[in-house]
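Student: Need the 3D shape of this:
(2 chains)
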Amino acid sequence: DAGITQSPRHKVTETGTPVTLRCHQTENHRYMYWYRQDPGHGLRLIHYSYGVKDTDKGEVSDGYSVSRSKTEDFLLTLESATSSQTSVYFCAISEYFVDTLSGLSSYEQYFGPGTRLTVT
Amino acid sequence: ILNVEQSPQSLHVQEGDSTNFTCSFPSSNFYALHWYRWETAKSPEALFVMTLNGDEKKKGRISATLNTKEGYSYLYIKGSQPEDSATYLCASQYNFNKFYFGSGTKLNVKP
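Tutor: Predicted structure coming up:
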């Protein structure tokens, strides 16, 4: 599981309240990601980080902000939660590896267990 | 936003049938193609990473091919078993380590 944990695992909140989800990794990975999973959409990238204090927007970043003040933690904040943000949120890291057969290098993604957020 | 498409959306097969799914992706600035297996209530698990045109990867009864020139990848399952039932996701990787996922193919294998 690449040492990735997410907290909380489940949360129910009311429209208009702020919510922060935490992703924690223990293996010093440089790249971290936040995705949301919705029926018919697979996984959609919200924000990602390529280092401490280095973040960028993904395809569905509106209404979300992120922070990465240290390597191991990547926080996703919903400033004012809306019902459309009800979803399952997955954190991921990407890890550099070299294929032993071909000698080619690439990155592999590993995912956290997910956080189910319900906005009522 | 890059459009990665998977087909079919869902598939129902009998145990022992062989099946295949398609993932199509924009080939400009392509870096790698990833396949994941995703069981309900779990996290996606990596199956294959492919980078070169013509790449073929195999793991047991599951194999995958890659065509980067025309922008597609196939995933094959030979002799499907009920435990193969899952959603199979593909993701195309581009510059700056960004991944774009398809919506998945949901496979149901009936005993």
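
Student: now the end-to-end length of stretch B:32-48.
Tutor: With C-alpha to C-alpha, to the nearest Å as the measure, the ends of stretch B:32-48 fall 10 Å from one another.

Student: Name every strand pairing with the helix or strand of chain B with the lowest mean pLDDT and say which way it goes.
Tutor: Lowest on mean pLDDT, DSSP states H and E among the helices and strands of chain B sits strand B:98-101, with a mean of 90. Partner strands for strand B:98-101, per DSSP bridges, with pairing direction: strand B:86-94 (antiparallel).

Student: contacts for the strand it pairs with?
Tutor: A:42-43, A:106-107, A:109, B:2, B:4, B:6, B:21, B:23, B:25-26, B:29-40, B:44, B:47, B:73, B:75, B:99-102, B:104-107 (C-beta atoms under 8 Å, 6 or more residues apart in numbering or on different chains). Where C-beta positions appear, they are placed from N, C-alpha and C, glycine not excepted.

Student: Can you flag which of these belong to strands?
Tutor: Of the contacts of strand B:86-94, the ones assigned to strands by DSSP state E are A:42-43, A:106-107, A:109, B:6, B:21, B:23, B:32-38, B:47, B:73, B:75, B:99-101, B:105-107.

Student: buried subset of these?
Tutor: A:42-43, A:106-107, A:109, B:6, B:21, B:23, B:32-38, B:47, B:73, B:75, B:99-101, B:105-107 (16 or more other C-beta atoms under 10 Å in any protein chain shown).

Student: Who are the contact partners of the nearest residue in space to A:Asp73 that is not next to it in sequence?
Tutor: Closest residue to A:Asp73 apart from its sequence neighbours, by C-beta to C-beta, 6 or more residues apart in numbering or on different chains: A:His24 at 5.5 Å. Contacts for A:His24 (C-beta under 8 Å, 6+ apart) come out as A:Ile4, A:Thr5, A:Gln6, A:Ser7, A:Glu72, A:Asp73.

Student: Work out for me the element A:His24 sits within.
Tutor: Per DSSP states H and E: A:His24 is located in strand A:19-25.

Student: Okay, buried residues for that strand please.
Tutor: For strand A:19-25, a neighbour-count test (16+ other C-beta under 10 Å) marks A:Val19, A:Leu21, A:Cys23, A:His24, A:Gln25 as buried.

Student: now do stretch B:47-63
Tutor: B:Leu47, B:Phe48, B:Val49, B:Met50, B:Thr51, B:Asp55, B:Lys57, B:Ile62, B:Ser63.

Student: Those also near chain A: which ones?
Tutor: The subset of the buried residues of stretch B:47-63 within reach of chain A, by C-beta under 8 Å from any C-beta of the partner chain, is B:Val49, B:Thr51.
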